[in-house]
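*Asks:* Have a look at this fold, sequence not included:
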């Protein structure tokens with residue numbers, strides 16, 4: 001089967017550090033913290049003080065009508081807003097410069113419409129099952145973001161929803177890459193979305209001892225720090241247009257970066273804890289880079305999963321060393337943008353792949369803010385505190401999710 005080149009021609013993002021690609025990227029380069037006080041958690045009798053909430057989000061600014069805002073869960077509105085940005089930037093129009101059946105939609109989400117689920121459960125318990133809204137199912141189901149986006153853009157190609165916890169949208173982007181690479185589509189709008197700043201989610205993660213209980217937003221998300229004590233819940237969405245290279249060039253599209261590799265494995269170890277030796281995660285990194293033609297000594301950026309949990313960060317450090325070898329692992333520039341955005345769950349992978357593409361484009365490594373006291377077990381170059389200029393040629397974005405999902409997507413600077 002013929003292998004084709006795959007490039008990014010459109011981007012969009014809704015995030016705690018900014019809405020829109022350039023606002024998001026400017027915030028990351030400046031080391032801005034998008035984590036803020038979240039007093040609602042105290043009202044729910046939960047020991048959580050902070051979250052990465054999306055601010056100033058107006059769905060109507062992205063062509064979503066007021067009626068549509070009432071018929072969609074927040075996670076779906078985020079996805080549609082990011083999708084509109086990406087499609088506008090790409091210039092793709094189904095039936096005009098791409099055949100509708102050759103345009104696909106792949107969207108990842110870890111949980112889907114949790115707010116809608118909780119609201120309608122309350123209706124059932126207080127008023128009866130016969131009072132549940134007819135919109136309950138089409139607002140709550142995880143695949144509805146991909147479905148509604150396809151309807152909006154007339155995309156009649158493959159439509160896929162990945163649900164793999166924190167690796168959801170990394171899998172979505174990776175599977176979209178494969179579909180375009182091997183000729184099953186000419187372009188796929190892909191990414192991830194999540195909106196679970198809700199007592200049900202907070203309560204579950206608190207009970208699992210996964211969230212930080214820090215009160216200072218600037219000292220809450222601390223990847224690779226000796227002081228780390230859990231991740232920060234966040235929300236948002238990111239979408240990317242992945243397009244076959246010749247198709248993009250023929251229509252004069254702007255190319256941001258090239259997607260070049262994808263690795264996908266499972267720890268098969270524990271429901272929530274990563275496998276301590278990091279071996280399957282290292283295979284995902286290794287495969288993504290091997291497909292990219294990465295060679296020893298090449299300038300490399302790694303956007304780490306870097307959640308700020310004790311087990312994740314030391315396991316990922318081990319995985320990077322296994323995948324690259326000690327010398328190249330120490331040569332790589334690494335950072336966790338979750339130090340600024342918090343953990344966007346099912347949207348995290350797509351957001352971090354976007355950050356990786358922009359790092360390649362501009363030769364700037366975004367920082368791991370808050371990394372004042374590095375953990376001796378996390379002894380690589382995690383770009384502490386401030387961004388640095390470095391003309392990297394290859395990037396890889398890692399995701400490790402509950403259930404043992406390990407996924408990595410690699411990119412190259414577009415030449």
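*Replies:* Alright, I've got the coordinates. These numbers come from a predicted model, not from an experiment.
*Asks:* Give me the neighbour count for residue 183.
*Replies:* 13 (other CB atoms under 10 Å). Heads up, the C-betas are built off the backbone N, CA and C, glycines and all.
*Asks:* The one 10 residues further on too?
*Replies:* Residue 193 is surrounded by 38 other residues when neighbours are defined as other CB under 10 Å.
*Asks:* Relative to the whole chain's centre, how far out is the host helix or strand of it?
*Replies:* Taking DSSP states H and E as the criterion, residue 193 maps to strand 187-194. With CA atoms, centre = their mean, to the nearest Å as the basis, strand 187-194 stands 9 Å off its chain's centre.
*Asks:* and if you look at stretch 284-295?
*Replies:* The answer for stretch 284-295 is 20 Å, by CA atoms, centre = their mean.
*Asks:* same deal with stretch 143-151?
*Replies:* The answer for stretch 143-151 is 18 Å, by CA atoms, centre = their mean.
*Asks:* From the rest of the structure, what touches that stretch?
*Replies:* 72-73, 75-76, 79-80, 83, 105-107, 109, 112-113, 138, 155-156, 159-161, 189, 193 (CB atoms under 8 Å, 6 or more residues apart in numbering).
*Asks:* In helices only, show me the residues you listed.
*Replies:* Among these, the residues falling in helices (DSSP state H) are 75-76, 79-80, 83, 138.
*Asks:* So which other helices or strands are in contact with the worst-scoring helix or strand of the chain on mean pLDDT?
*Replies:* Scoring the helices and strands of the chain by mean pLDDT, DSSP states H and E places helix 40-43 at the bottom, with a mean of 88. Judged by 3 or more CB pairs under 8 Å, 6 or more residues apart in numbering; DSSP states H and E, the packing partners of helix 40-43 are helix 199-207.
*Asks:* re the thing from before, tell me which residues of the least confident helix or strand of the chain come out buried.
*Replies:* For helix 40-43, the neighbour count (16 or more other CB atoms under 10 Å) marks residue 41 as buried.
*Asks:* what's the following helix or strand after it?
*Replies:* strand 50-51.
*Asks:* Just the buried residues of the helix or strand just after that following strand, please?
*Replies:* Toward the C-terminus, strand 50-51 is succeeded by helix 66-70 as the next helix or strand (DSSP H and E). Using 16+ other CB under 10 Å as the test for burial, helix 66-70 gives residue 68.
*Asks:* What segments of the stretch 101-250 of the chain are helices?
*Replies:* 114-127, 136-140, 144-153, 168-181, 199-207, 245-250 (DSSP state H, counting those that start in this stretch).
*Asks:* most packed of the ones you listed?
*Replies:* helix 168-181 (a mean of 28; mean count of other CB atoms under 10 Å).
*Asks:* Low-confidence stretches in this structure?
*Replies:* 1 (pLDDT under 70).
*Asks:* Mind splitting it into its structural domains?
*Replies:* Domain assignment for the chain, taken from automatic domain parsing, gives 6-250, 265-400.
*Asks:* Any chance of those domains in CSV with distance to residue 409 as columns?
*Replies:* Formatted as CSV, the entries for those read as follows, by distance: least, CB to CB, whole Å:
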stretch, distance to residue 409
domain 6-250, 5
domain 265-400, 5
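*Asks:* closest to residue 414 out of these?
*Replies:* Among the domains of the chain, the nearest to residue 414 by CB to CB is domain 6-250 (6.5 Å).
*Asks:* thinking again about what came up before, got the contact list for the least confident helix or strand of the chain?
*Replies:* Here helix 40-43 has contacts from 47-49, 51, 197, 199, 202, using CB under 8 Å, 6+ apart.
*Asks:* Identify, from these, the entry nearest to residue 297.
*Replies:* When the contacts of helix 40-43 are compared against residue 297 (criterion: CB to CB), the nearest one is residue 51, at 40.8 Å.
*Asks:* residues touching the closest residue to the closest one other than its chain neighbours, list them.
*Replies:* Counting by CB to CB, 6 or more residues apart in numbering, residue 38 is the residue found nearest to residue 51 once chain neighbours are left out, at 3.8 Å. Residue 38 is in contact with 48-51, 53, 197, counting by CB under 8 Å, 6+ apart.
*Asks:* Check which helix or strand residue 9 maps to.
*Replies:* Applying DSSP H and E, one finds residue 9 within strand 6-15.
*Asks:* Each with direction, which strands does that strand pair with?
*Replies:* strand 18-19 (antiparallel), strand 236-244 (antiparallel), strand 257-266 (antiparallel) (DSSP bridges).
*Asks:* I'd like to know which of those is closest to residue 371.
*Replies:* strand 18-19 (21.5 Å).
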